[in-house]
Every structure is written in structure tokens, then in C-alpha cells.
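Enquirer: no letters, just coordinates:
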């Protein structure tokens, strides 16, 4: 079953690249949020988790003598930087960022769900454990973002009424 194993390694590399992209995206968001300290704090906490998630995957890949994909990592970071750059020009940057963050969390949830199923199918308990741990953290962040969305929306709309530049970020 060498082909299935190759898929597993490729998907683990993809997950690592996804976390590298998340690190860039979260870091950019956290730096630009000035008027939403609760959201900024949540993003900074998740950035710390994301650093650990990426390291778990990197350690796994190194442990099986497979490195991460430098090209995929760079591609993910470039995508995140492009997203951050275009978001800077949106007059509702904080809302676009919250939407993008929530969407990205669900992509991560789907990715870890698939990777964990593949790892379990192939008997790779270490990778399954890593995926389960990362998945739990991603679900928690998605849930937290969902719980913050109503208050964030209200706060944005109230700020926008009086000072649109303050509402933006």
C-alpha cells in the first residue's frame, strides 16, 4: 500500500503548509487590530496554538524522514500575505478578517478530519494523535469566533456610525 502512504505524507505536508499560512494570516490580523482587544487577544492566543500545531507536524515529518514542502509553505505564506494586503483596503477590514478567519478554521477542521481518518486507516497512531489534538484546537477557535461574531458585528456598526476609520480595525 505504498501509494496510500504517499498520500498520507503529502496531506501531512499540506497540513503543515496550511499552518504556515495560518501563522502569517493570524499575525497580520493581530498586528492590525487596534480597536478590538478581545478579538485581538483571541487571535494572538490562537497564533500561539498555530505555532505549536505547525511544529507538531514538522516534528512528525522529520521523524519519518520526510521534510515539509518548502514550496507549499512559501505558497501558503504568499497567499496569506496577499489576503492581508487586500484586506487593508477594505473599509470593514475587521469584519472581512473575522469572516476569513472563521472560514479558514473550517478548512483546517476539514483537513484534519480527512488526515486523521487517513492516518487511522493506515495505522499511523502518532499522526492520528497530532491531528486529533490540532483538530480540537481548530474546533475551539471556530466556536470562539462564532460566539464573538454577534458582538463584533454590533461593535463594528456602532463604531462605523461615528468613526469609520476606528471601526475598520
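Expert: Now that the structure is in, tell me what you want to look at. Everything numeric in this text was worked out from a predicted model, so none of it was measured. Numbering: from 1, shown residues only.
Enquirer: from now on I want contacts and neighbour counts done on CA atoms only, so please keep to that.
Expert: Will do.
Enquirer: run through the chain and note the low-pLDDT ranges.
Expert: Along the chain, segments meeting pLDDT under 70 span 1-2, 67-90, 166-169.
Enquirer: helices or strands next to the longest helix seen in it in the packing?
Expert: Assignment by DSSP state H gives helix 125-162 as the longest helix of the chain. Helix 125-162 sits against helix 37-63, helix 93-121, helix 164-168, with contacts defined as 3 or more CA pairs under 8 Å, 6 or more residues apart in numbering; DSSP states H and E.
Enquirer: now do 7 Å
Expert: helix 93-121, helix 164-168 (3 or more CA pairs under 7 Å, 6 or more residues apart in numbering; DSSP states H and E).
Enquirer: let's have the ones you listed in CSV, adding distance to residue 48 and mean neighbour count.
Expert: Output for the helices and strands packed on helix 125-162, formatted as CSV (distance: least, CA to CA, whole Å; neighbours: other CA atoms under 10 Å):
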stretch, distance to residue 48, mean neighbour count
helix 93-121, 15, 18
helix 164-168, 25, 18
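Enquirer: distance to residue 23 for those - can I get that in CSV?
Expert: Shown next, in CSV, are these (distance: least, CA to CA, whole Å):
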stretch, distance to residue 23
helix 93-121, 11
helix 164-168, 22
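Enquirer: what residues are up against the residue nearest the centre of the chain?
Expert: Geometric centre of the chain, nearest residue: residue 22, 3.7 Å, by CA atoms, centre = their mean. If a contact means CA atoms under 7 Å, 6 or more residues apart in numbering, then residue 22 has no contacts.
Enquirer: tell me which element it is part of?
Expert: helix 2-32 (DSSP states H and E).
Enquirer: so how far is that helix from its chain's centroid?
Expert: 8 Å (CA atoms, centre = their mean, to the nearest Å).
Enquirer: angle of that helix against helix 93-121?
Expert: Put simply, helix 2-32 runs at 160 degrees to helix 93-121, going by axes from the mean of the first three to the mean of the last three CA atoms, to 10 degrees.
Enquirer: in helix 2-32, what counts as buried?
Expert: 8-30, 32 (16 or more other CA atoms under 10 Å).
Enquirer: much appreciated, bye for now.
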